[in-house]
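A.B. asks: Everything below, folded, please.
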Amino acid sequence: MRNMSAALFAHLQGDTLTTANCVRLARTDGVVMAWTDCNIPLTFDGMTYAASDGVGLRNLKAAAGTGVDNMETVLLLMPGGITEDGIRAGLYDNAPVTLSLVNWADLSQGSLTLLRGRVGEITLTDGQCVAEVRSLSQLLQQQIGDVTSPSCRVRRLGDAQCKVDMTRFRFARMLTALGGSASGQPAQALTQTNCGGGAAAPFGADAGSSGGGTGSTGNAVATTGVTGAAPADVYQTSRYGKTFSYALSGYTPGQDYTLRLHFAETFFGPPSPPGGPSMTHGGGTGSRIFDVAANGARVLQSIDIYQAAGGSNLATVQELEVTADASGALHIVFTASVDNASCCGLEVLTLAAPGVPAGLVFAGDGAASGFYTHGVITFTSGANAGLAREIKGHGLAGGAAIISLQGQFPFAVAVGDAAILEAGCARRLPTCVEKFNNAANFRGESLLPGNDQVMRVGRGTADG
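C.D. replies: The predicted structure is shown next:
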């Protein structure tokens, strides 16, 4: 039920309307911005809404019950307003938005709130941005509370649940070089499996699998520009199913490895056009979603391979860090939440010593290799000041820390930029004990049997 004044209600029942839409947005840095599609500025509820010809609203949808209301806001990019640099810096990510309707000829009638929500996907095109706004009812569709897991579930190292004193694990550094590379041996492939198919050198035939079925396609799958792509033949076959697994063995107990998974969506095509004929296997984004777990720990969540690759018949590669169990085994389980899980190929590789490709160099930091892996780097000066990214890998070479990132910063980094480096946590109990002495606050069930235990075949006993 929407509340409005009697005067505004009466105006909306009239024959002549003098209404305007007003949009209020609070950026992640605390700056509040406000616009109206009226041709004069409007002030109400203590906020002045700037008149802007560059504001448009479309696709406003109100859902019944607990459905998610949404709309699209079209804004021109302009100085003093929405800027491309601000979007790239994440200033509008998940920012709260309020859409109101007023009678611009008599603001004393108050306002009618049409939608409260947060910014979702932002698209840039032709000098304007289209921002999706999702209502607060979307929060009702999110998971609330903890679920059991072998790994620690705290949101961030050092938060109120973790309680690690980060002053001991946070260090101010200055970028001294770009493109450094830690010395060591390159990664070596230990296992290369063509899932659901025969040998395609250097990949061997499907082996160690349990559950699911196999499929093949005559579609040509593009691998151009895909780092670490497998031979083209690997993407012609797949293993698929609601759940299936691979049991791999022969690794060093407790050792970390790189699990490289190869995917291609060769079944579902683009979504059917609105109002047009239904396309065979049309679906697009959201048609296939699944998780991947290694030795009971989820390493890939809700992957949509159509979305990850950017379409159908395109290869995509996911690299994940996994740890062999006490017997030197890896049990990889695929579990679908939408349609079937699918995998074309998998590889297990040694971590390149010390596991860090070319990256950012911080001289004078002698922390052991891996100390900052899974940590956070936050620049405090330069074009990316105030922005943070997760650290993918950390190596030590010549008394310098070499850092690689999970995602690139939006603006160019430069030698001399100052940054804060935070230690990383692998979210495993041994790390919590040995690195942080924080076992009392470990938020995981490290001894909980995972899917690998459920999938194992029990040993029978002989009769008589």
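
A.B. asks: quick one: what helix or strand has the closest residue to Ala412 other than its chain neighbours in it?
C.D. replies: Closest residue to Ala412 apart from its sequence neighbours, by C-beta to C-beta, 6 or more residues apart in numbering: Ala383 at 6.1 Å. Every residue, glycine included, has its C-beta placed from N, CA and C. For Ala383, there is no host helix or strand (DSSP states H and E).

A.B. asks: Quickly note the distance from Ala383 to Ala89.
C.D. replies: 9 Å (C-beta to C-beta, to the nearest Å).

A.B. asks: the more surrounded of the two?
C.D. replies: Ala89 (21 against 15; other C-beta atoms under 10 Å).

A.B. asks: How about the contacts made by the closest residue to that one other than its chain neighbours?
C.D. replies: The shortest distance from Ala89 to any non-neighbouring residue, by C-beta to C-beta, 6+ apart, is to Pro410 (5.5 Å). By C-beta atoms under 8 Å, 6 or more residues apart in numbering, Pro410 lies in contact with Asp85, Arg88, Ala89, Gly90, Asn384, Leu387.

A.B. asks: same thing with Ala439?
C.D. replies: Leu429, Cys432, Val433.

A.B. asks: Of those residues, just say which sits nearest to Phe334.
C.D. replies: Leu429 (25.4 Å; C-beta to C-beta).

A.B. asks: Now do the closest one: how many residues are near it, please.
C.D. replies: Neighbour tally, Leu429, other C-beta under 10 Å: 17.

A.B. asks: same thing with Pro271?
C.D. replies: For Pro271, using other C-beta under 10 Å, the count is 14.

A.B. asks: Point out where this structure drops to low pLDDT.
C.D. replies: The model of the chain has pLDDT under 70 over residues 1-2, 53-81, 124-129, 135-146, 179-187, 272-282, 352-358, 450-464.

A.B. asks: Outline the domain layout of it.
C.D. replies: 7-141, 166-183+354-439, 189-273+282-350 (automatic domain parsing).

A.B. asks: roughly how far is the helix or strand harbouring Arg24 from the heart of the chain?
C.D. replies: Secondary structure from DSSP H and E places Arg24 in strand 19-26. For strand 19-26, the separation from the chain centroid amounts to 30 Å (computed by C-alpha atoms, centre = their mean, to the nearest Å).

A.B. asks: what does stretch 370-377 give?
C.D. replies: Worked out by C-alpha atoms, centre = their mean, stretch 370-377 lies 18 Å from the chain centre.

A.B. asks: Need the CA coordinates for it. PDB is fine.
C.D. replies: The C-alpha coordinates for stretch 370-377 follow below in PDB (Å, rounded to 0.1, in the frame of the first residue of the first chain):
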ATOM      1  CA  GLY A 370      51.700 -16.500  -0.200                       C
ATOM      2  CA  PHE A 371      51.400 -14.200   2.800                       C
ATOM      3  CA  TYR A 372      49.100 -11.700   0.900                       C
ATOM      4  CA  THR A 373      47.400 -14.300  -1.300                       C
ATOM      5  CA  HIS A 374      43.500 -13.900  -0.900                       C
ATOM      6  CA  GLY A 375      44.200 -10.600   0.800                       C
ATOM      7  CA  VAL A 376      43.300  -7.100  -0.200                       C
ATOM      8  CA  ILE A 377      45.200  -4.200  -1.800                       C
END
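
A.B. asks: Mind checking which of the contacts of Pro410 are buried?
C.D. replies: For the contacts of Pro410, a neighbour count by 16 or more other C-beta atoms under 10 Å gives the buried set as Ala89, Gly90, Asn384, Leu387.

A.B. asks: Pretty sure the first one sits against Leu387.
C.D. replies: Yes. Checked against C-beta atoms under 8 Å, the pair Ala89 and Leu387 is within contact range at 6.1 Å.

A.B. asks: show me where the stretch 1-150 of the chain has helices.
C.D. replies: Using DSSP state H, counting those that start in this stretch, the helices found in the stretch 1-150 of the chain span residues 6-12, 84-88.

A.B. asks: For my notes, please list the ones you listed in JSON lines and give distance to Ile377 for each entry.
C.D. replies: Formatted as JSON lines, the helices of the stretch 1-150 of the chain follow (distance: least, C-beta to C-beta, whole Å):
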{"stretch": "helix 6-12", "distance to Ile377": "50"}
{"stretch": "helix 84-88", "distance to Ile377": "17"}
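
A.B. asks: Nearest to Asp165 among those helices would be which one?
C.D. replies: With C-beta to C-beta as the measure, helix 84-88 is the member of those nearest Asp165 (33.5 Å).

A.B. asks: Helices - which of the contacts of Ala439 land there?
C.D. replies: Among these, DSSP state H puts Leu429, Cys432, Val433 in helices.

A.B. asks: Look up the closest residue to the last one, ignoring the ones flanking it.
C.D. replies: The spatially closest residue to Val433, leaving aside those adjacent along the chain, is Ala439, at 4.9 Å (C-beta to C-beta, 6+ apart).

A.B. asks: Equivalent analysis for the second one, please.
C.D. replies: Spatially, and ignoring its direct neighbours in sequence, Cys432 is nearest to Phe442 (4.6 Å; C-beta to C-beta, 6+ apart).

A.B. asks: That neighbour - how many residues pack around it?
C.D. replies: 20.

A.B. asks: Please work out how many residues are found near Ala412.
C.D. replies: For Ala412, the neighbour count with other C-beta under 10 Å is 11.

A.B. asks: And Asn3, by the same measure?
C.D. replies: 9.

A.B. asks: how close does it get to Leu314?
C.D. replies: 49 Å.

A.B. asks: same check, this time on Ala51
C.D. replies: In terms of C-beta to C-beta, Ala51 sits 45 Å off from Leu314.

A.B. asks: the more surrounded of the two?
C.D. replies: Per other C-beta under 10 Å, whichever of Ala51 and Leu314 has more neighbours is Leu314, with 21 against 16.
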